[in-house]
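J.: Sequence first, then the predicted structure, then my questions.
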Amino acid sequence: MPISSAQCRAGRALVEMDQAKLAEAANISRNTVVDFEKGRRTPNTNNLLALQKALETAGVVFVDENGEGPGVRLRKTVTN
């Protein structure tokens, strides 16, 4: 399932990443991120996957727990 604009905004907030950094990490234009997050348009499948991968690499986990709808959380870190 593709990520939503709300998940993108929330994921960025969790990892303290601005739109320009996300665009750079996903190798897409900043305008694509801005328009997606504002609900102006939905990026093509490749760009959505690139956004998701960039956020996941930064530590975001996309979830749909207990049927409550899609959300995000930070990846758990392993401590020794």
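T.: Received, thanks. Numbering: from 1, shown residues only.
J.: where do the strands sit along the protein?
T.: Along the chain, counting by DSSP state E, strands occupy 60-63, 71-74.
J.: Let me see the contact set for the residue lying closest to G71 once chain neighbours are set aside.
T.: For G71, ignoring the flanking residues on the chain, the nearest one in space by CB to CB, 6 or more residues apart in numbering is V63 at 5.2 Å. The C-beta positions use only the backbone N, C-alpha and C, and glycine is treated the same way. If you count contacts by CB atoms under 8 Å, 6 or more residues apart in numbering, V63 has them with P70, G71, V72, R73.
J.: Derive a PyMOL selection command for the buried subset of those residues.
T.: Applying 16 or more other CB atoms under 10 Å to the contacts of V63 leaves a buried subset, and the PyMOL line that selects it is:
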select buried, resi 72
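J.: tell me which of the contacts of V63 is nearest to L51?
T.: Using CB to CB, V72 is the member of the contacts of V63 that sits closest to L51, with 12.2 Å.
J.: Tell me the spacing between that closest one and D64.
T.: Separation of V72 from D64 (CB to CB, to the nearest Å): 10 Å.
J.: Tell me if I'm right that Q19 and R12 touch.
T.: Yes. Judged on CB atoms under 8 Å, Q19 makes contact with R12 at a distance of 7.2 Å.
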